[in-house]
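Peer 1: give me a 3D structure for the following:
(one chain, ligands or ions: 1)
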Amino acid sequence: MVLAAPKAMKSEGIIPSEVPVVDFSGERAEVAKVIVKACEEYGFFKVINHGISNEVIAKTEEAGFGFFGKPMLEKKMAAPAYGCKNIGVNGDMGEVEYLLLSATTDSIAHISKTISTDPLNLRKRLSAYTEAVKELACEILEVMAEELGVPDTRVFSRLIRDGESDSVLRLNHYPPIINRDKDKSSQITKVGFGEHSDPQILTILRSNDVGGLQISLPDGVWIPVTPDPSAFYVNVGDVLQVMTNGRFVSVRHRAMTNSHKCRMSVAYFGAPPLHQTIVAPSVMVTPQSPSLFRPFTWAEYKKATYSLRLGDTRLQLFRNC
Ligand code: GA4
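Peer 2: Next comes the predicted model:
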């Protein structure tokens, strides 16, 4: 399947591209339409003119490269937040090293103390970044709810704004794979982070100017996403697929390594509190589209997620018969 360029024009909040692009400074009603269409067709879109300052972004990128550039022994002192090649707890591996932490003030303070000689400064940078992407996620979720005709437009964003939200922040570093072949010109690409969907509500991702992210279309075709460090990439997670009663798709994606350059991405995964029951708002359930999933708590879903492999589809465990 070939991706058709979106037909709408810039004034309508969209710019032709290989993946849907949302100009967040555009008119709200048009932005909402483009977002909902993108979530139905791809579960993925790019946001430009998002309003997050370059300084906040650049300082987090600098902090990330600063950390990943340290000697392995020092990085390992940040374990279990730091991991290298091992993904999850069931044997998944990838050409990646990462920092994975709870998106809370306490966790950010703790990791800052562990990895930096200037912890207050690092804490300030990571907190500012986390707050900014969380706010972007909430605004997007509120626009979506409006367009979907959900009367309580904070029904999705409230879960992320909740003080007990289980959201996480992840910094991924994909070092280049050195080509040891005689034919140095050939490119070597390996799987950095294997195919999966994100379990949470919404993911807000940004990377440096190095490609590697690919998204899967429903027919199994992989689309490489052109890197744009000035933009954020947004994807629907499993919980939002459930809360829209299957109208939005939780996109499967993966990250490949590059032969020459380091890729670094920062992902914010907006999640509900552990005790939260996940259920679609009543407008999403009609006689024509009956409820696809049984109610479950985020704790139950998270437990199922961690009992399975990275690429497994977990949502079918929660489907109504
Ligand atoms: C994928 C999305 C997030 O990075 C993550 C990942 C988590 C982990 O690395 O600990 C998981 C993976 C992710 C889904 C399946 C399980 C859990 C690794 C894994 C094999 C932090 C998340 O929430 O789910």
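
Peer 1: could you point out the longest helix of the protein?
Peer 2: helix 119-148 (DSSP state H).

Peer 1: make sure L310 is actually in contact with G91.
Peer 2: No. Assessed by CB atoms under 8 Å, L310 is found out of contact with G91, at 9.4 Å. For every residue, glycine as well, the C-beta is placed using N, CA and C.

Peer 1: which one of those two is surrounded by more residues?
Peer 2: The neighbour comparison of L310 against G91 (other CB atoms under 10 Å) goes to L310, with 18 against 9.

Peer 1: tell me which parts of the stretch 101-250 of the chain are close to the ligand?
Peer 2: By CB under 6 Å from any ligand atom, the residues of the stretch 101-250 of the chain that approach the ligand are 168, 170, 196, 198-199.

Peer 1: near the residue nearest to S307 when sequence neighbours are not counted, how many other residues are there?
Peer 2: Excluding the flanking residues, the one nearest S307 by CB to CB, 6 or more residues apart in numbering is N90, at 7.7 Å. The number of residues packed near N90 is 12, by other CB under 10 Å.

Peer 1: my guess is N90 contacts L308. True?
Peer 2: Yes. Proximity of N90 to L308 meets the contact threshold set by CB under 8 Å, at 7.0 Å.

Peer 1: residues of stretch 65-78 that come out buried?
Peer 2: 67-68, 75, 78 (16 or more other CB atoms under 10 Å).

Peer 1: most widely separated two among the residues you listed?
Peer 2: Using CB to CB, those span at most 10.8 Å, a distance reached by F68 and A78.

Peer 1: and the closest residue to the ligand within the stretch 1-150 of the chain, its phi and psi?
Peer 2: Residue nearest to the ligand within the stretch 1-150 of the chain: G88 (2.4 Å; CB to the nearest ligand atom). Main-chain dihedrals, G88, degrees, to the nearest 10: phi 70, psi -160.

Peer 1: gap between it and F269?
Peer 2: Distance, G88 to F269, using CB to CB, to the nearest Å: 14 Å.

Peer 1: so between those two, which is more surrounded?
Peer 2: Neighbours per residue, other CB under 10 Å: of G88 and F269, the larger number sits with F269, 23 against 15.

Peer 1: ok, the more buried one touching T203?
Peer 2: Yes. At 5.3 Å, F269 and T203 qualify as touching, with contact defined as CB under 8 Å.

Peer 1: what touches both of the two?
Peer 2: Listed as contacting both F269 and T203 by CB atoms under 8 Å, 6 or more residues apart in numbering are G237.

Peer 1: gap between the helix or strand hosting R254 and the chain center?
Peer 2: Assigning secondary structure by DSSP states H and E places R254 in strand 253-256. Distance of strand 253-256 from the chain centroid (CA atoms, centre = their mean, to the nearest Å) equals 12 Å.

Peer 1: quickly check: that strand near the ligand or not.
Peer 2: No. For strand 253-256 and the ligand, the contact criterion (CB under 6 Å from any ligand atom) is not met; the two come no nearer than 9.6 Å.

Peer 1: tell me the mean pLDDT over the helix or strand following that strand?
Peer 2: Downstream of strand 253-256, the first helix or strand assigned by DSSP H and E is strand 263-270. Strand 263-270 shows a mean pLDDT of 98.

Peer 1: helices and strands of this structure: which one has the lowest mean pLDDT?
Peer 2: Counting by mean pLDDT, DSSP states H and E, the chain has its least confident helix or strand at strand 222-224, which shows a mean of 92.

Peer 1: ok, that strand: who's next to it in the sheet?
Peer 2: strand 213-216 (antiparallel) (DSSP bridges).

Peer 1: centre of the chain to the partner strand, how far?
Peer 2: 12 Å.

Peer 1: hmm, who's touching it?
Peer 2: 19, 42-44, 195, 205, 207, 222-225, 227, 233, 235, 251-256, 265.
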